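Peer 1: just to be clear, the model below is a prediction. Sequence and coordinates:
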Amino acid sequence: MTKAALLLVLVGCLVLFVASFGGRFGLFRQITLEFLGPIQSFFTSISSGSNSFWDDYIALWEIRDENKRLRGMVDEYSEKLNEYTEAYFTYIALTKKLNYKEKESFPSITARVVGKDPSYWFQTVIVDRGENDGVVKGMVARNEKGVVGQIIQVSPNYSKILLANALSSAIDAMVQKNRVRGILKGSGKEGYILYYVLKKADVAVGDQIVTAGIGGIFSTGVPLGTVSMVRKKQRGMFQEIKVEPAVDFQRLETVFINLTEKLVWESEMKDIPEEDL
């Protein structure tokens, strides 16, 4: 402690001692109080500030700890919410698939999509069903929305499906409301294009396109998509018709492989050489 600080303390003690006496030192006592007041106020403010700072510091750490605890709870509940949400949507999807399978009369097996072929021309998916499950080349794959595609390659435990929207795919189709027929060709991410529909035919945006059933590969009336654009060119006989697929090919998880449509197809096509199929 420096001499100045020590002197200040001694003066303060002397002032306090004198201030403790009664009114016989009235004038001096008033002077003392005037001197002592600012000093006491200064130390009181420092003490109050220190206490306030310490209280705020302790409260800040408590708030930080509480925030960490609350963030942990939020993360935990968010994870549980995601699990419950996923379980809910899985339940909804499985319920739709079950209702579809119960409603449809054709015998089928369920296959899970395990891989995708990203090639431009042959857009395919691989499913976990094969020859050991009774799957053969040519069988049709569907889901609750409509036509998914056709089996083009089979191994003992896996099969490859050519998607209906692949550029190399073509399906006999018709406008459901008036049975106007055409050929629905895949257009990749663009969906479908319906060819060979005459200009005079009544086709409008929103019309449903379904399978025509010609050739026996697909049954009649299976959903394919919805007309999204119609344009009648000045030249030519046919309309330009774009179709939005009923099936979301980007989100395929499971499909139903029809075990009967291939049998019909085989019976009608058995006399044609394999290289012509």
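Peer 2: Great, that's in hand. Numbering: from 1, shown residues only.

Peer 1: need the contact list for Gln150.
Peer 2: With contacts defined as CB atoms under 8 Å, 6 or more residues apart in numbering, Gln150 is in contact with Gly138, Met139, Val140, Ala141, Ile161, Leu162, Ala164, Ser169, Ile217. (Glycine included, C-beta is placed from N, CA and C.)

Peer 1: I misspoke; the intended subject was Lys145.
Peer 2: Each residue near Lys145 by CB under 8 Å, 6+ apart is listed here: Pro223, Ala246, Val247, Asp248.

Peer 1: which regions of the chain sit below the pLDDT cut-off?
Peer 2: 1-57, 86, 88-107, 118-122, 215-217, 261-277 (pLDDT under 70).

Peer 1: show me where it has its helices.
Peer 2: Assigned by DSSP state H, the chain shows helices spanning 3-19, 26-103, 261-269.

Peer 1: any idea how far Glu131 is from Asn157?
Peer 2: 8 Å (CB to CB, to the nearest Å).

Peer 1: hmm, I typed the wrong one, I wanted Asn67.
Peer 2: Asn67 is 60 Å from Glu131, by CB to CB.

Peer 1: who has more neighbours out of those two?
Peer 2: For Asn67 versus Glu131, neighbours defined as other CB atoms under 10 Å are more numerous around Glu131 (14 against 10).

Peer 1: and that one, how close does it get to Gly146?
Peer 2: Note on Glu131: its distance to Gly146, by CB to CB, is 26 Å.

Peer 1: now Asp133
Peer 2: In this view, Asp133 and Gly146 are 23 Å apart by CB to CB.

Peer 1: before we move on, the earlier item: any of the contacts of Lys145 buried? List them.
Peer 2: For these, a neighbour count by 16 or more other CB atoms under 10 Å gives the buried set as Pro223, Ala246, Val247.

Peer 1: any chance of those residues in JSON lines, plus distance to Gly213?
Peer 2: Formatted as JSON lines, the buried ones among the contacts of Lys145 follow (distance: CB to CB, whole Å):
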{"residue": "Pro223", "distance to Gly213": "13"}
{"residue": "Ala246", "distance to Gly213": "17"}
{"residue": "Val247", "distance to Gly213": "18"}
